[in-house]
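1. Compute the structure for the input listed below.
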Amino acid sequence: MKRFLLFVVCVLIGASEIKAAEPVAKTDTLYILGVGNSWTRDSMRWLSAIAKSAGVPVVVGHAYLGGSTLENQYNGIDNLSYTYKHRNIDQVVHSTYQYWLYNCSENPKKTPNKGYRNGLNGIGVTLESVVADKPWEIVVLQPESTARRYNLAKGGTFDLNLLVERIKKMMKPEVADKARFGLMVPFSYPKGNTDYRKHLYTMYNNGVAPASQAEWDALYEKVHHLLQSDTREIGKAMGDNCQFYVNVGLAIYNARQDKHLSQSGYKLQRSQNNTHLSEGLAMYIASLAYAYTLLDIKQEDVKFYPKYSKDVQLTGDRGTTDIITVENTPALAKKARKVAWKACK
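-> Model prediction:
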């Protein structure tokens, strides 16, 4: 039976810096957990379906807290009253995670099952309950677009080792001893994006706000390259607690250079002023980065692709106006598999 391969050769890592993890003891099913914000939901959306089509049985779960940082999540694990700001609203961390579970399936079982209500009266689950739910063998932590906050060498404010060790304590000892942890490399926004985020120029442009779209575009390009190098430095600082990188950022960046792939949504983004990947092809490319990195599969092994891509068109302050649905073709799916493979080869 094919097993996952925790040996990653990504463009962002030189040959001397590659990390290889000892293989986890073989079981019938591989258990993969993602921990992050809604970008974790986006990027792992099709991982289970991809694995199933390649003949690799997996259970994929992700625990996410919309708009949060990993530092927020660590601070709220044991502090029931800890909150963070999301869309200018106080959000409680402790018991408001969304838990999506895919059991060799295309669609998840969601907990809570009737949507997601964060805030001081949020409905959700705790991270501890998610971690305890399955014998997770692989845990992927997802930094956000300000990954530099975890890079202590560059003035970062939080050590991700604290979160890793706390998650291990949530596991049974025999599970924690086998579990392998790694990082997702986040994606930046495409050129032309009009969602001007203050935290980007605060963290990556010495606090100076770009004065034009051209300057914002230059900043997005800069952020992409810094996310690549910073994530590598964060992994080094984590030592043995970082055993692989899932380079979603490079896969999405490369796909945006392709005139056919970049037609999905707004250059693979849900809309011009939205932070999310567009549903369908963009999420497929991101999930392929997970599959190629964590599973012993090749491009030709993957038979699944989402039949449709959806682009949510937004106006004003994220007001939904329309949903455009486009049918994906086998040729487009093949190109997506090739681009993702090249990013994680």
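2. got the residue ranges for the helices in the stretch 1-150 of the chain?
-> With helices called from DSSP state H, counting those that start in this stretch, the stretch 1-150 of the chain shows them at 38-43, 47-53, 70-76, 127-133.
3. what's near enough to touch the closest residue to R337 other than its chain neighbours?
-> By the measure of C-beta to C-beta, 6 or more residues apart in numbering, the closest residue to R337 outside its immediate chain neighbours is Q299, 4.6 Å from it. Every C-beta, even on glycine, is put in place using the N, C-alpha and C of the backbone. Residues in contact with Q299 (C-beta atoms under 8 Å, 6 or more residues apart in numbering) are K334, R337, K338, W341.
4. Tell me how far the residue lying closest to the last one once chain neighbours are set aside lies from Y292.
-> Of all residues not flanking W341 in the chain, Q299 sits nearest, at 4.9 Å (C-beta to C-beta, 6+ apart). Q299 sits 8 Å away from Y292, going by C-beta to C-beta, to the nearest Å.
5. shared neighbours of those two, anything?
-> W341.
6. helix, strand or coil for I234?
-> Classification of I234 by DSSP: H, G, I helix; E, B strand; the rest coil places it in helix.
7. quick thing: my sequence starts at 466, can you match it?
-> Renumbered: residue one is now 466, and that last one reads I699.
8. okay but L566 is in contact with N578, surely?
-> No. Here L566 does not reach N578: they are 11.0 Å apart, not a contact under C-beta atoms under 8 Å.
9. more crowded one of those two?
-> Shown here are L566 and N578; by other C-beta atoms under 10 Å, L566 has more neighbours (19 against 6).
10. While we're on the more buried one, how confident is the model there?
-> Listed pLDDT for L566 reads 98.
11. ok, it - contacts?
-> When contacts are counted by C-beta under 8 Å, 6+ apart, L566 touches V524, V525, G526, P573, K574, K575, T576, D598, K599.
12. Spatially nearest residue to N537, not counting backbone neighbours?
-> N537 sits nearest to Y549 (C-beta to C-beta, 6+ apart), 4.2 Å away.
13. Equivalent analysis for H527, please.
-> Counting by C-beta to C-beta, 6+ apart, the residue nearest H527 is G499, at 3.8 Å.
14. Wait, that neighbour touches L530, no?
-> No. G499 lies out of contact with L530 (C-beta under 8 Å); the separation is 11.9 Å.
15. the more surrounded of the two?
-> L530 (29 against 25).
16. hang on, the more buried one packs against N502?
-> Yes. If you go by C-beta under 8 Å, L530 and N502 touch, sitting 5.9 Å apart.
17. so where do the strands sit in the chain?
-> Using DSSP state E, the strands of the chain run over 495-501, 523-529, 548-551, 554-557, 563-568, 574-576, 603-606, 645-649, 710-711, 773-780, 784-792.
18. In TSV, list these along with distance to I717.
-> Shown next, in TSV, are the strands of the chain (distance: least, C-beta to C-beta, whole Å):
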stretch	distance to I717
strand 495-501	15
strand 523-529	18
strand 548-551	23
strand 554-557	26
strand 563-568	20
strand 574-576	25
strand 603-606	16
strand 645-649	11
strand 710-711	12
strand 773-780	14
strand 784-792	18
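19. what's the most buried one of those strands?
-> Comparing the strands of the chain by mean neighbour count (mean count of other C-beta atoms under 10 Å), strand 710-711 ranks first with a mean of 29.
20. Please, where are all the helices along the stretch 666-810 of the chain?
-> 678-703, 713-721, 746-759, 795-809.
21. The ones you listed into CSV, with extra columns for mean neighbour count, mean pLDDT and distance to A644?
-> Converted to CSV, those look like this (neighbours: other C-beta atoms under 10 Å; pLDDT from 0 to 100; distance: least, C-beta to C-beta, whole Å):
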stretch, mean neighbour count, mean pLDDT, distance to A644
helix 678-703, 19, 97, 14
helix 713-721, 26, 98, 21
helix 746-759, 29, 98, 13
helix 795-809, 19, 97, 21
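22. would JSON lines of those helices with distance to K772 be doable?
-> Formatted as JSON lines, the helices of the stretch 666-810 of the chain follow (distance: least, C-beta to C-beta, whole Å):
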{"stretch": "helix 678-703", "distance to K772": "30"}
{"stretch": "helix 713-721", "distance to K772": "18"}
{"stretch": "helix 746-759", "distance to K772": "10"}
{"stretch": "helix 795-809", "distance to K772": "9"}
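23. Quick one, which of those gets closest to V640.
-> Among the helices of the stretch 666-810 of the chain, the nearest to V640 by C-beta to C-beta is helix 746-759 (17.2 Å).
24. The closest one packs against which elements?
-> Packing contacts for helix 746-759, counted by 3 or more C-beta pairs under 8 Å, 6 or more residues apart in numbering; DSSP states H and E, involve strand 495-501, helix 503-508, helix 512-518, strand 603-606, strand 710-711, helix 713-721, helix 795-809.
25. is it true that S729 touches A747?
-> Yes. S729 is within contact range of A747, at 5.7 Å (criterion: C-beta under 8 Å).
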